[in-house]
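A.B. asks: next one to model:
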Amino acid sequence: MTVYFIGAGPGAADLITVRGARTLAACPVCLYAGSLVPRELLAECPPDARLVDTAQLNLDQITEELVAAHRAGQDVARLHSGDPSVFSAVAEQMRRLDAAGVPYEVVPGVPAFAAAAAALKRELTVPTVGQTVILTRIAQQATAMPDGEDLATLGRSRALLVLHLAARYVDRVVDELLPHYGADCPAAVVAMASRPDEVVLRGTLDTIAALTKDAGITRTAVIMVGRTLGAEQFRDSHLYSADRDRPHATCEGTDGEARGDVG
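C.D. replies: So this is what the prediction gives:
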């Protein structure tokens, strides 16, 4: 049997990948984060599947469920919100499965920051304005941040910052970023991205804290700060430029496209 860590996407049930939905439909056991994963996705499970809400379980209890399914010869769908590669707490589960000799695979999902960018109708990397995106969070009541990854340090890059798990502390975010980005820097908050109750707030670093608090947003949101959010005047991407030397058709889609897909 295999444990499949499946990215359920940012919220909308139809944003799970085709592979994720097919895998979910084939697993007789499904562990899911009930507080974050849309209930509609559970309809993809087999009718007689064992469904386990992990919202109130600790890591030991979750591991016990996974190991028990392994012993019973059952594949397990382990549904995580967003994408398993970012802020998913998958790493410690993998470590424990390695120790127990339980095989696993990862099925990527649509991350929250991508859904937020779609809601804002913005490309996060814009030619000549910004080509770097930093995904991070702040340490408040969670695990401490490693040395050198505090907002003051990251803010010196002036790259587009995407902050998870930080909406409740938006005042602190603003205070730490103002010296680096300036009060007029575009900022946005997207809560419940892709869901029916999605909330999109647009402002500047000077106004975004008040907008967030007035909207009552404290969780399930990302904060974005950076000049690309307001970019209007910028050079067209080199990818489709008429001046670009294009490789022979036999090379297109391999090294040619790989080199050309940046602005």
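A.B. asks: phi, psi for residue 118 please.
C.D. replies: phi -60, psi -40 (degrees, to the nearest 10).
A.B. asks: I figured it hits residue 194, correct?
C.D. replies: Yes. Assessed by CB atoms under 8 Å, residue 118 is found in contact with residue 194 at 7.5 Å. Any C-beta I mention is one placed from the backbone N, CA and C, and that applies to glycine too.
A.B. asks: who has more neighbours out of those two?
C.D. replies: The residue with more neighbours, out of residue 118 and residue 194, is residue 194; 21 against 15, by other CB atoms under 10 Å.
A.B. asks: can you tell me the element the more buried one falls in?
C.D. replies: Assigned by DSSP states H and E, residue 194 belongs to no helix or strand.
A.B. asks: equivalent analysis for residue 94, please.
C.D. replies: Per DSSP H and E, residue 94 falls inside helix 90-100.
A.B. asks: so how far is residue 149 from the nearest residue in space to residue 145 that is not next to it in sequence?
C.D. replies: Once flanking residues are discounted, residue 145 sits nearest to residue 139: 4.4 Å by CB to CB, 6 or more residues apart in numbering. To residue 149, residue 139 is 9 Å away according to CB to CB, to the nearest Å.
A.B. asks: burial count for residue 201?
C.D. replies: 20.
A.B. asks: I'd guess residue 169 is in a helix, am I close?
C.D. replies: Yes. The assignment for residue 169 by DSSP: H, G, I helix; E, B strand; the rest coil puts it in a helix.
A.B. asks: that one against residue 138, yeah?
C.D. replies: Yes. The pair residue 169 and residue 138 qualifies as a contact (CB under 8 Å) at a distance of 6.0 Å.
A.B. asks: circling back to that earlier point, same for the helix holding residue 94, what does it pack against?
C.D. replies: Packing partners of helix 90-100 (3 or more CB pairs under 8 Å, 6 or more residues apart in numbering; DSSP states H and E): strand 3-7, helix 59-71, strand 104-107.
A.B. asks: right, so those: which one is the most enclosed?
C.D. replies: strand 3-7 (a mean of 25; mean count of other CB atoms under 10 Å).
A.B. asks: domains in this structure, by residue range?
C.D. replies: Following automatic domain parsing, one gets these domains for the chain: 3-107, 112-230.
A.B. asks: save these as JSON lines, and put in distance to residue 237 too.
C.D. replies: Listed next are the domains of the chain as JSON lines, based on distance: least, CB to CB, whole Å:
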{"stretch": "domain 3-107", "distance to residue 237": "25"}
{"stretch": "domain 112-230", "distance to residue 237": "5"}
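A.B. asks: can you add distance to residue 238 and mean pLDDT and give those back as CSV?
C.D. replies: Shown next, in CSV, are the domains of the chain (distance: least, CB to CB, whole Å; pLDDT from 0 to 100):
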stretch, distance to residue 238, mean pLDDT
domain 3-107, 28, 95
domain 112-230, 7, 94
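A.B. asks: out of those, which gets nearest to residue 245?
C.D. replies: When the domains of the chain are compared by CB to CB, domain 112-230 sits nearest residue 245, at 17.7 Å.
A.B. asks: any idea how far residue 148 lies from residue 157?
C.D. replies: 12 Å.
A.B. asks: higher neighbour count, these two?
C.D. replies: Between residue 148 and residue 157, counted using other CB under 10 Å, the more crowded position is residue 157 (13 against 7).
A.B. asks: can you report phi and psi for the more buried one?
C.D. replies: phi -70, psi -30.
A.B. asks: shouldn't it be in contact with residue 136?
C.D. replies: No. Counting by CB under 8 Å, residue 157 does not reach residue 136; the two are 11.0 Å apart.
A.B. asks: thanks a lot, see you next time.
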